[in-house]
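K.L.:
sequence-free structure coming up:
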RNA sequence: CGGGGUGUGGCGCAGUUGGUAGCGCGCCUGGUUUGGGACCAGGAGGUCCGCGGUUCAAGUCCGCGCACCCCGACCA
């Protein structure tokens, strides 16, 4: 930051206690509140508005790839969950059950969906007769429930909002292609809309989704050096097709199993946005997802000034209507109070309109990310403000990218690895021989997990030895401590 | 689920050897203010996390719960 001056006094310093900072920002910026039920959260209007922007932007990207939206039920018969062995085992401890209804014990308990692969598998099996029915490309925006032992607002809650996409294909190759296509959609959303740089890659066997053939993810680095899985895309192979008998008659007259995929991004991404961009004054929201892109703070002393300022505010409002998401703060608080409040709440650009501006027919724009001020004549505003918002958007991405570069380490030495994980955190990239036992041992010894095997690998075969086992390396992998 | 910590107006906290609850901020009313969290005056707001116990008397002592935070275990 160019300006280290700390105006907002109400929140903990990021460096002192990151998780305390995080909780205070979430609550003071009025993003979310605790609910009466453990692990559940109330998403307040300001937080929900971020989610609506996430939905709008991602939904458009999905639809560009041919995906349509639908809705499947909240309650899932127990027998469905049991049809895919790995899946049941993986989710069993997290499932909440409905056992009574209408005052009576139910014949079959109903799961509150932890995810919808099973009920969608059941449904697709009925819909699919011929290869002509494929592919099916459906997404749903909904809530799911997973009983969690330890919860944090947005990052891990028992109930959360997300989208889950479910596709069915004729071939394994096509499913694989779709899996990677949606991973790329997530990357583009994260980097271009949320301004969060992400590593894109494959999960290890240990970390993959229960029931998947392969799991891919985007991984982001938070301000405290811990990693956050920000989106996942699974190639489910024929596992769920087998469990739910999703078969089609192919052109060659043979009955064949479908291949399926699923992919999801949740309200956790909001936690990521907070932890990637925020500073010790509070939130910093990337303009594309910010509920208010610009907040207008009017300033006056005398009544005459008040009317001149008021008139200018109205002109500005009219001029920018439909072009910029604008909030005019007409509350009784002093300008100084408003500056701090809206900085804490992360509005990317503040527009000060006072007597001097009324006189000059201009406004004062102040960026949240670096507090740089700029006087803009009224006739240039309509062009300049959207441009400045884009500049902030790019600056936030750039800053996060630089932060990640500074906090990414390469090592061939396990000793150094341990030191980095313990002292500095961040991403650690190593040569790796894909060994589950070694992975678990590393986790045991250092708390670091294999976040991702990046798609971006060195040219040709990986040379050298695994940093842990000394076996010939098969790839490069990235480890980190994670949320 | 294990170890540690904390629960007192909306928020942050104080409350002594047990004696019947207070401070700052916020909130309401009126007035003066307004380019980086204004000021004065008046006012409202409390089952002290819950239940049980000890005691003439419990925010304070004892027991059992619950919630939240931190560190672990678990976890797409």
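P.N.:
Cool, the structure landed. Small disclaimer: the values here were computed from a predicted structure and weren't measured.

K.L.:
does any part of stretch A:407-423 sit near RNA strand B?
P.N.:
No: remark: stretch A:407-423 sits outside contact range of RNA strand B, by C-beta under 7 Å from any atom of the strand, the gap being at least 9.7 Å. For the C-beta atoms, the positions are set from N, CA and C on the backbone; glycine is no exception.

K.L.:
for that stretch, which positions count as buried?
P.N.:
A:407, A:409, A:411, A:414, A:417, A:418, A:420, A:421 (16 or more other C-beta atoms under 10 Å).

K.L.:
state the mean pLDDT of it.
P.N.:
Stretch A:407-423 carries an average pLDDT of 92.

K.L.:
against residue A:12, how distant is residue A:280?
P.N.:
Distance of residue A:280 to residue A:12, computed by C-beta to C-beta, to the nearest Å: 8 Å.

K.L.:
try residue A:385
P.N.:
33 Å.

K.L.:
swap in residue A:330?
P.N.:
For residue A:330 relative to residue A:12 (C-beta to C-beta), the value is 31 Å.

K.L.:
of the two, who's got more company?
P.N.:
Set residue A:330 next to residue A:12 and count neighbours by other C-beta atoms under 10 Å: residue A:12 wins out with 16 against 11.

K.L.:
what about the helix or strand hosting residue A:403 and RNA strand B, touching?
P.N.:
Taking DSSP states H and E as the criterion, residue A:403 maps to helix A:378-406. No: remark: helix A:378-406 sits outside contact range of RNA strand B, by C-beta under 7 Å from any atom of the strand, the gap being at least 13.2 Å.

K.L.:
how far does that helix sit from the chain's center?
P.N.:
Its chain's C-alpha centre and that of helix A:378-406 lie 20 Å apart, by C-alpha atoms, centre = their mean, to the nearest Å.

K.L.:
quick check: buried residues in that helix?
P.N.:
For helix A:378-406, by 16+ other C-beta under 10 Å, it's A:381, A:385-386, A:388-389, A:391-393, A:395-397, A:399-400, A:403-404.

K.L.:
can you tell me what sits against whichever helix or strand comes after it?
P.N.:
As assigned by DSSP H and E, the chain's next helix or strand after helix A:378-406 is strand A:408-410. Identification of contacts with strand A:408-410 by C-beta atoms under 8 Å, 6 or more residues apart in numbering yields A:221, A:420, A:424, A:426, A:427, A:428, A:429, A:430.

K.L.:
strand A:408-410 pairs with which strands?
P.N.:
strand A:427-432 (parallel) (DSSP bridges).

K.L.:
could you give the mean pLDDT of the partner strand?
P.N.:
Averaging pLDDT along strand A:427-432 gives 96.

K.L.:
distance from the centroid: which residue in chain A tops it?
P.N.:
Most distant from the centre of chain A: residue A:304, at 47.7 Å, with distances by C-alpha atoms, centre = their mean.

K.L.:
helix or strand for that one, which one?
P.N.:
Here residue A:304 sits within helix A:303-320, counting by DSSP H and E.

K.L.:
where does the spatially closest residue to residue A:176 that is not a sequence neighbour sit: helix, strand or coil?
P.N.:
Closest residue to residue A:176 apart from its sequence neighbours, by C-beta to C-beta, 6 or more residues apart in numbering: residue A:235 at 5.4 Å. At residue A:235 the chain is in strand, as set by DSSP: H, G, I helix; E, B strand; the rest coil.

K.L.:
burial count for residue A:235?
P.N.:
Neighbour number of residue A:235 under other C-beta under 10 Å is 26.

K.L.:
dump the residue contacts of it.
P.N.:
By C-beta under 8 Å, 6+ apart, the residues touching residue A:235 are A:175, A:176, A:179, A:212, A:213, A:214, A:215, A:216, A:259, A:261.

K.L.:
likewise residue A:171?
P.N.:
residue A:259.

K.L.:
still on that earlier bit, out of the contacts of residue A:235, which are inside strands?
P.N.:
Residues of the contacts of residue A:235 located in strands (DSSP state E): A:214, A:215, A:216, A:259, A:261.

K.L.:
ok, so of these, who is nearest RNA strand B?
P.N.:
Using C-beta to the nearest atom of the strand, residue A:215 is the member of the ones in strands among the contacts of residue A:235 that lies nearest RNA strand B, at 6.3 Å.

K.L.:
ok, that closest one to residue A:235 distance?
P.N.:
Counting by C-beta to C-beta, the gap from residue A:215 to residue A:235 is 8 Å.

K.L.:
re earlier: which neighbours do residue A:280 and residue A:12 have in common?
P.N.:
Joint contacts of residue A:280 and residue A:12 (C-beta under 8 Å, 6+ apart) are residue A:21.

K.L.:
quick one on the thing from earlier: any quick ChimeraX command for the buried ones out of the contacts of residue A:235?
P.N.:
Burial among these is assessed by 16+ other C-beta under 10 Å; the matching ChimeraX selection reads:
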select /A:175,176,179,212,213,214,215,216,259,261
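
K.L.:
can you put the contacts of residue A:235 in CSV and add pLDDT?
P.N.:
Output for those, formatted as CSV (pLDDT from 0 to 100):
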residue, pLDDT
A:175, 98
A:176, 98
A:179, 98
A:212, 94
A:213, 95
A:214, 96
A:215, 96
A:216, 97
A:259, 98
A:261, 98
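
K.L.:
among the contacts of residue A:235, which are in reach of RNA strand B?
P.N.:
Within the contacts of residue A:235, those near RNA strand B by C-beta under 7 Å from any atom of the strand are residue A:215.

K.L.:
which one of the contacts of residue A:235 is nearest residue A:439?
P.N.:
Taking C-beta to C-beta as the measure, residue A:439 sits nearest to residue A:215 out of the contacts of residue A:235, at 14.4 Å.

K.L.:
can you tell me which residues contact that closest one?
P.N.:
A:202, A:203, A:207, A:208, A:209, A:232, A:233, A:234, A:235.

K.L.:
among those residues, which pair sits farthest apart?
P.N.:
A:207 and A:235 (14.4 Å).

K.L.:
count of neighbours near the residue of the stretch 351-483 of chain A with the smallest separation from RNA strand B?
P.N.:
Relative to RNA strand B, the nearest point of the stretch 351-483 of chain A is residue A:354 (2.3 Å; C-beta to the nearest atom of the strand). The number of residues packed around residue A:354, counting by other C-beta under 10 Å, is 19.

K.L.:
that one and residue A:340, how far apart?
P.N.:
Counting by C-beta to C-beta - residue A:354 and residue A:340 are separated by 17 Å.

K.L.:
go on, residue A:435?
P.N.:
52 Å.

K.L.:
what about whichever strand or helix holds residue A:52, near RNA strand B?
P.N.:
Residue A:52 is part of helix A:45-64, with elements assigned from DSSP H and E. No: Helix A:45-64 is not in contact with RNA strand B by C-beta under 7 Å from any atom of the strand; minimum separation 13.7 Å.

K.L.:
what's the distance between the closest residue to residue A:224 other than its chain neighbours and residue A:231?
P.N.:
Closest residue to residue A:224 apart from its sequence neighbours, by C-beta to C-beta, 6+ apart: residue A:18 at 4.0 Å. Counting by C-beta to C-beta, the gap from residue A:18 to residue A:231 is 22 Å.
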